[in-house]
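*Asks:* Below is the sequence, then the predicted model.
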Amino acid sequence: MTTQIIARPAATPRSKKVLDSGRGGRPALGFLAPFVILYLLFVIGPALYGLLMSFFGTSLVRPGLGTFAGLRNYAEALGSSDFWSSLWHTVWFTILTTPPLVVIGFVFALLAERVSHGKWFFRLAFFAPYILPSAVMALIWVWLYTPDLGLISAALAKISITAPTWLGDPNWAMISIAIATIWWTLGFNFVLYLAGLQDIPRELYEAASMDGAGRFQQIRHITIPLLARTTTLVIVLQVIASLKVFDQMYIMTGGGPNFSTRPALQYIYDIGFTDYRVGYGAAASTLFFILVLAVSMVWFVMTRRQERQA
Amino acid sequence: MASATADPTTVRSSRKGIAAGDPQRSSRAFNRICTGVLIAFSLLWLMPLLWALDTALKPNSETAALPVTWLIKHPTLDAFRSILGQGDIWHWYAASFIISALTVVVTLLTASMAAFALSQLRFRRRGFAFGFIMAGIMIPGQVLIVPLFREMGAMHLLNTYWAVILPQVPTAIAVFVFKQFFDGLPHELEESARIDGASTWQIYRRIAMPLTRPAVAAVAIFTFVWSWNNLLWPLLVLSNPKLMTIPVGLATVQGNFGIRYADTMAASLLGALPLIVLFLFFQRQIVEGIAGTGLKG
């Protein structure tokens, strides 16, 4: 009952009286101040400072902003093959993980919905990895991927398949990280889809089956269209989370072999904290931010359109 | 209102009633196939964790021996003992607990207060204030690491827990979750409290907060898990091994373990243990919190 409130917060705004907190609104200010001060200090402040820095040749080891650089940092980033290849690695990772995570999450939820007993077990099995710290998940998979001694190579050897060296092979490293990530975060999408499925009125299926629609027709014409909003949410959350990928590469490959898995965030990290070029790092961050913002905007427009259609 | 999980069972029986005769039998067979497929995949999904546990219970020498096997010839807790005996992990536990707990407390307090003002109090530019705070959802913390690091340096907070805690607190999503709850509260309560002479703070503290326990639970659990798992930012600001959190510690010393695979797995499992316990206790809240709001780290 209580948790139900979490699941479905009152979404419809209703006309209501608002407490009058005095003419000056001073209590309101007092209530807002603690959060807003921290927000200004640690979100808005750094955001503006970073934007400012991106126009300067700021160094991590020297105080002050350094010399004015104009748009040179941006020009350098846009002309740097390292920047573009790290951005591509992030996008490649997103492409490798998003479709399987969406499709497998949906299929597992469809299957689990038909099960009448022991649903908790499936929820546990698929969702448990999601709560692991990235570092733990990464160390477990590094061990699984270990050539010869790792479980995966050993299992493949049993059926006479010679496994690649996974994380050590530039062609396989990103795919290996993607597989580990799918294992890690599938539970999140599984849970979202399971909740979405439970919101579909049964009468629709009953009416469809009376009309002679088969199981797959029902899925195609009822389930998938009615879950469109869940799917949009899952895809966008997935894409945004994937764009921010850093932890897995940092621990599993360190961005290697030969920088073949270095994502955009690690590029920013390396530039700022290994090369000490924080002005340039801030410019790269800004470009990265624009990319994330663009994806969020696409989602915003898509949900608006879906809401209007509904 | 029935809980979400109880719902489908009652409905399933009605669905069975409709499909009569042959289709019913084929439907049952189909369900059995679905269950079988699902069981196979769930076992596959549990495999990495079971293998980690299996490895941690072997002596280090056995983990590096061929052929690779699930059998443990000499089961032992040596790996766990050696990790707990070295002492590093206790520092990491302490750091993770202090940082996560303080993050949770400060987040709960500041976010709920801000949400209370945005939902219940009247003041000028309320709409602007809400929009201004919600804009924070658009700014991923990761793009702020470079300027934030300099700021922390200037504030002399590097290598302190506060350097990790403070930037983790102002999360717009927490304000959003609280505001949704406050918006749903009946207003008669507050009006009568106001007539009885209660101050705004008393209304917040004694009426609004006790009624929003589910929001408090959801925000607390998610903030704790997210803070516990955070890697990138603590990695930057905590270079002193005694101050490192669990993920930073694991990421930093992983090379030192070398081929001591049992030790590595024991350390990993110990690092995840508090979250596994938390998950087993709050499985419902966590799962339904995600289903309702789509929170993602």
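*Replies:* Alright, I've got the coordinates.

*Asks:* Pick out the residue in the stretch 51-200 of chain B sitting closest to chain A.
*Replies:* B:Phe123 (3.1 Å; CB to the nearest CB). Every C-beta, even on glycine, is put in place using the N, C-alpha and C of the backbone.

*Asks:* Could you double-check that that residue sits in contact with A:Leu29?
*Replies:* Yes - in this structure, B:Phe123 is within contact of A:Leu29 by CB atoms under 8 Å, at 7.2 Å.

*Asks:* who has more neighbours, the two?
*Replies:* Neighbours around B:Phe123 and A:Leu29, counted as other CB atoms under 10 Å in any protein chain shown, are more numerous at B:Phe123. The numbers are 21 against 15.

*Asks:* Let's see the pLDDT reported for that one.
*Replies:* At B:Phe123, the model reports a pLDDT of 84.

*Asks:* hang on, the earlier thing: what do B:Phe123 and A:Leu29 both touch?
*Replies:* Here B:Phe123 and A:Leu29 share no contacting residue, scored by CB atoms under 8 Å, 6 or more residues apart in numbering or on different chains.

*Asks:* could you show me where the strands are in the stretch 1-150 of chain B, in order?
*Replies:* Along the stretch 1-150 of chain B, counting by DSSP state E, counting those that start in this stretch, strands occupy B:121-122.

*Asks:* what about the helices in the stretch 101-250 of chain B?
*Replies:* B:126-134, B:145-154, B:161-168, B:172-183, B:187-195, B:200-202, B:213-229, B:232-237, B:246-257 (DSSP state H, counting those that start in this stretch).

*Asks:* Using CSV, lay out those together with distance to B:Arg32, mean neighbour count and mean pLDDT.
*Replies:* Supplementary listing: the helices of the stretch 101-250 of chain B in CSV, determined by distance: least, CB to CB, whole Å; neighbours: other CB atoms under 10 Å in any protein chain shown; pLDDT from 0 to 100:
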stretch, distance to B:Arg32, mean neighbour count, mean pLDDT
helix B:126-134, 48, 15, 90
helix B:145-154, 51, 22, 90
helix B:161-168, 47, 22, 94
helix B:172-183, 41, 23, 89
helix B:187-195, 52, 13, 77
helix B:200-202, 59, 17, 87
helix B:213-229, 36, 22, 88
helix B:232-237, 46, 22, 92
helix B:246-257, 42, 21, 82
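
*Asks:* Check the spacing between the residue most central in space within chain B and chain A real quick.
*Replies:* By CA atoms, centre = their mean, chain B has its centre lying nearest to B:Val225, at 2.6 Å. Distance of B:Val225 to chain A, computed by CB to the nearest CB, to the nearest Å: 6 Å.

*Asks:* how about low-confidence regions in the stretch 101-250 of chain A?
*Replies:* Along the stretch 101-250 of chain A, segments meeting pLDDT under 70 are nowhere present.

*Asks:* At which residues are the helices of it located?
*Replies:* Ranges of helices in the stretch 101-250 of chain A, per DSSP H, counting those that start in this stretch, are A:119-127, A:134-145, A:151-158, A:173-198, A:202-210, A:215-218, A:224-226, A:228-243, A:247-252.

*Asks:* just those: most buried one?
*Replies:* With neighbours defined as mean count of other CB atoms under 10 Å in any protein chain shown, the helices of the stretch 101-250 of chain A peak in mean count at helix A:134-145, which reaches a mean of 26.

*Asks:* For it, name the packing helices and strands.
*Replies:* helix A:151-158, helix A:173-198, helix A:247-252, helix B:22-56, helix B:246-257, helix B:261-293 (3 or more CB pairs under 8 Å, 6 or more residues apart in numbering or on different chains; DSSP states H and E).

*Asks:* For it, which outside residues touch it?
*Replies:* Contact partners of helix A:134-145, identified using CB under 8 Å, 6+ apart, comprise A:129, A:132, A:150-153, A:166-167, A:176, A:180, A:183-184, A:247-248, A:251-252, B:48-49, B:51-52, B:55, B:229, B:231, B:246-248, B:250-251, B:254, B:261, B:264-265, B:267-269, B:271-272.

*Asks:* circling back to that earlier point, do I have it right that the residue nearest to the centre of chain B meets B:Leu278?
*Replies:* Yes - using CB under 8 Å, B:Val225 is in contact with B:Leu278, at 7.0 Å.

*Asks:* Report the set of residues contacting both of these two.
*Replies:* A:Ile131.

*Asks:* Phi and psi next, for the nearest residue in space to A:Gly168 that is not next to it in sequence.
*Replies:* Among residues not flanking A:Gly168 along the chain, A:Pro257 sits closest, at 6.1 Å (CB to CB, 6 or more residues apart in numbering or on different chains). With angles defined as degrees, to the nearest 10, A:Pro257 sits at phi -70, psi 140.

*Asks:* Which residues are in contact with A:Pro257?
*Replies:* A:167-170, A:173.

*Asks:* Most widely separated two among those?
*Replies:* A:Leu167 and A:Pro170 (10.1 Å; CB to CB).

*Asks:* Tell me which of those two has more neighbours.
*Replies:* A:Leu167 (23 against 13).

*Asks:* How much space separates the more buried one from A:Ile175?
*Replies:* 10 Å (CB to CB, to the nearest Å).

*Asks:* Relative to B:Ile139, how far out is the closest residue to A:Val36 other than its chain neighbours?
*Replies:* Nearest in space to A:Val36, with sequence neighbours left out and distances taken as CB to CB, 6+ apart, is B:Ala114 at 6.9 Å. Applying CB to CB, the value for B:Ala114 to B:Ile139 is 17 Å.

*Asks:* same question, B:Val219
*Replies:* 19 Å.

*Asks:* can you check A:Gly118 too?
*Replies:* Distance, A:Gly118 to B:Ile139, using CB to CB: 42 Å.

*Asks:* Also A:Ile219?
*Replies:* In terms of CB to CB, A:Ile219 sits 39 Å off from B:Ile139.

*Asks:* With A:Leu101 instead?
*Replies:* If you go by CB to CB, the gap between A:Leu101 and B:Ile139 works out to 24 Å.

*Asks:* same thing with B:Thr245?
*Replies:* 23 Å.

*Asks:* So between these two, which is more surrounded?
*Replies:* Comparing B:Thr245 with B:Ile139 by other CB under 10 Å, the one with more neighbours is B:Thr245, at 31 against 17.
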